[in-house]
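K.L.:
Okay, predicted coordinates and the sequence, questions at the end:
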Amino acid sequence: MLVLFETAAGYAVFKVLDERKLHEVENIWKEFETPEKANKVLKLKHFEKFQDTTEALAAATALVEGKLSKNLKKILKKIVAKEAHEQLAVADAKLGGVIKDKLDLSCVHSPAVTELMRGIRQQIDSLITGLPGRELSAMSLGLAHSLSRYKLKFSPDKVDTMIVQAISLLDDLDKELNNYIMRCREWYGWHFPELSKIITDNLAYCKCVKKIGDRINVSTADLSDILPEETEAEVKVAAEISMGTEVSKEDINNICHLCEQVIEITEYRSQLYDYLKNRMVAIAPNLTVMVGELVGARLIAHAGSLLNLAKHPASTVQILGAEKALFRALKTKRDTPKYGLIYHASLVGQSTAKNKGKISRMLAAKTALAIRYDALGEDTNAQLGVENRAKLEARLRHLENRGIKRISGTGKALAKAEKYQFKSEVRTYDPSGDSTLPSVPKKRKFEEVEAEEEQEVPKVKVKKEKRETEIAGWAPEEEPEVEEVEVTSSKKKKKRRKEEAAAEEVFEVKEMPSSSTALEEPTETKKKKKKKIKEEDE
């Protein structure tokens, strides 16, 4: 059996002298305790030294990627020509598969081979003659530095640190621009306040202020390259009747200097946005197609890097940026937020308020796939992002129209509409809805029932009095004589008197039917009434 061993100095091929010792995997390490024992197990057959660090770096890169380098291919061809029947022990199974396919050489990779490689690495100084340990360690250190430097320089487009810094600087520039423009409008507004209302665009306002200076110069200044003709004429008319105060030349110079700063920062911001756009297309093309440059850059900056963002699930991507609202909702046991930074994506903005939650959830799921494809995939095209965005747009149209297609197993089945049949119904007018009386509740309180019972008591007495008067047949003209009866000091008697007086007043208002008995026997009615009152007093 042959053993292929890679070092920082070159490739080494060893011949196994006693293959029976490899059968006991647990005891292989004992054979490499001393250099003498190691030389009894293995013998150096061929050693190909690297010419320089560049060659070593190319070989190490090929081994990391599982590829076959040119130098290794030459060495293995020599071995195949001499000993084609021998098996080759390799440390990497992927590399062994490549060697077997290209050179038709049987390769072995097992736990015993791993232990053998460990023993060789331990006694490498004694097994490879003419290679001092100090020189080998220096080569290893140099190769490690070169390999690390190569990995950083290999794909500069994949460095997402630039995106994090660019989007942070873009946000800072926006804040500074807003402060500068607000100060400029307020400052120049003391001299020419009407200009701020006429020109709403900030960049055009600063350019006009820089070109005009004092408002006296408006009539001679040419603003056609900045403003349209109608706005320019309006500015000139407003300058003639302006209510602003007079300012000195020094003030105008300072205001113009501030306007120059605003114009320069605006131009630099546009340049920085173009740089960020190109960088996003190079690093994360699928993410850029899904959510746009700014939202994608903010997601990467919030996660720290594209690889960290790829580790997040879709639910985290959906609410990324709304952590404060999420923990507040969890603490107060309320509804959690439906979206975070992804809310500013164009697809979420196109949807209606009721569909924003659904669209943000679906967009986060597809965006998570796009992020992982950009971070871990080898291709740099945006085909996956374009396809997923088309699906989301179709789904959004379905939600907005609501009913063009029904959700089914395939999602392609058309909605089945039932046959329309006209049914004429004759409806009559219901007069019960015209009632304006308040509806009485079914359940009443106990106090209300007691109050009603108290009110019903005098009504019963009135009915009794009415019956007695109707039986007696007394005339309403003679009723005032009943009031002449004296009332005792008792409170109950007074109360009864008041109730009887109230009942008598009610009867006076109503017209009593004329009867012959009332005219013929008025004296008898008087006597009976007085007698009844005396009995009640006693």
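P.N.:
Right, received. Where do you want to start?
K.L.:
how about the CA coordinates for stretch 282-300, as PDB?
P.N.:
Extracted C-alpha coordinates of stretch 282-300, given in PDB (Å, rounded to 0.1, in the frame of the first residue of the first chain):
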ATOM      1  CA  ALA A 282     -22.500  42.100  -7.200                       C
ATOM      2  CA  ILE A 283     -22.800  40.500  -3.700                       C
ATOM      3  CA  ALA A 284     -26.500  39.700  -3.400                       C
ATOM      4  CA  PRO A 285     -28.300  39.900  -6.800                       C
ATOM      5  CA  ASN A 286     -31.300  37.800  -5.800                       C
ATOM      6  CA  LEU A 287     -31.800  39.700  -2.600                       C
ATOM      7  CA  THR A 288     -31.700  43.000  -4.500                       C
ATOM      8  CA  VAL A 289     -34.300  41.800  -7.000                       C
ATOM      9  CA  MET A 290     -36.600  40.700  -4.100                       C
ATOM     10  CA  VAL A 291     -36.600  43.700  -1.800                       C
ATOM     11  CA  GLY A 292     -34.400  46.400  -3.500                       C
ATOM     12  CA  GLU A 293     -31.000  47.800  -2.800                       C
ATOM     13  CA  LEU A 294     -31.700  49.900   0.200                       C
ATOM     14  CA  VAL A 295     -33.800  47.400   2.100                       C
ATOM     15  CA  GLY A 296     -31.400  44.600   1.300                       C
ATOM     16  CA  ALA A 297     -28.400  46.600   2.500                       C
ATOM     17  CA  ARG A 298     -30.200  47.500   5.700                       C
ATOM     18  CA  LEU A 299     -31.000  43.800   6.300                       C
ATOM     19  CA  ILE A 300     -27.300  42.900   5.800                       C
END
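K.L.:
Where does pLDDT dip in the stretch 401-538 of the chain?
P.N.:
For the stretch 401-538 of the chain, the stretches with pLDDT under 70 are 403-427, 432-493, 503-538.
K.L.:
for this protein, what are the low-confidence residue spans?
P.N.:
In the chain (pLDDT under 70), the answer is 80-81, 84, 151-158, 403-427, 432-493, 503-538.
K.L.:
Tell me which other helices or strands the lengthiest helix in it touches.
P.N.:
For the chain, the longest helix by residue count, based on DSSP state H, is helix 249-283. Judged by 3 or more CB pairs under 8 Å, 6 or more residues apart in numbering; DSSP states H and E, the packing partners of helix 249-283 are helix 161-189, helix 202-212, helix 285-291, helix 293-303. Glycine gets a C-beta too; all of them are placed from N, C-alpha and C.
K.L.:
mind redoing it with 6 Å?
P.N.:
For helix 249-283, the packing partners by 3 or more CB pairs under 6 Å, 6 or more residues apart in numbering; DSSP states H and E come out as helix 161-189, helix 202-212, helix 293-303.
K.L.:
what's the angle from the longest one to helix 249-283?
P.N.:
Yep, that's helix 161-189 we're talking about. Interaxial angle, helix 161-189 versus helix 249-283 (axes from the mean of the first three to the mean of the last three CA atoms, to 10 degrees): 160 degrees.
K.L.:
Helix 202-212 and helix 161-189, what's the angle between them?
P.N.:
Relative orientation of helix 161-189 and helix 202-212, computed by the same axes, to 10 degrees: 50 degrees.
K.L.:
buried stuff in helix 161-189?
P.N.:
Residues of helix 161-189 classed as buried by neighbour count (16 or more other CB atoms under 10 Å): 163-164, 166-167, 170, 173, 177, 180-181, 184-185, 187-188.
K.L.:
I'd like those residues as TSV, with distance to Ser315 appended.
P.N.:
Shown next, in TSV, are those (distance: CB to CB, whole Å):
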residue	distance to Ser315
Ile163	23
Val164	23
Ala166	28
Ile167	23
Leu170	28
Leu173	33
Leu177	35
Tyr180	40
Ile181	39
Cys184	45
Arg185	44
Trp187	49
Tyr188	50
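K.L.:
which of the residues you listed lies closest to Glu36?
P.N.:
Nearest to Glu36 among the buried residues of helix 161-189 is Val164, at 57.3 Å by CB to CB.
K.L.:
one step back: buried residues in the longest helix of the chain?
P.N.:
Buried residues in helix 249-283 (16+ other CB under 10 Å): 252, 255-256, 258-259, 262, 265-266, 269, 273, 276-277, 279-283.
K.L.:
and what of stretch 133-140?
P.N.:
Neighbour counts over stretch 133-140 (16+ other CB under 10 Å) mark Leu136, Met139 as buried.
K.L.:
just stretch 71-87 next, same as before
P.N.:
Within stretch 71-87, the residues scored as buried using 16+ other CB under 10 Å are Asn71, Leu72, Ile75, Leu76, Ile79, Val80, Glu86.
K.L.:
okay, now the closest residue to Leu57 other than its chain neighbours: neighbour count?
P.N.:
Once flanking residues are discounted, Leu57 sits nearest to Ser146: 4.7 Å by CB to CB, 6 or more residues apart in numbering. Ser146: 16 surrounding residues under other CB atoms under 10 Å.
K.L.:
in what helix or strand does Ser146 lie?
P.N.:
helix 133-154 (DSSP states H and E).
K.L.:
For that helix, name the packing helices and strands.
P.N.:
If contacts are counted by 3+ CB pairs under 6 Å, 6+ apart, helix 133-154 sits against helix 53-64.
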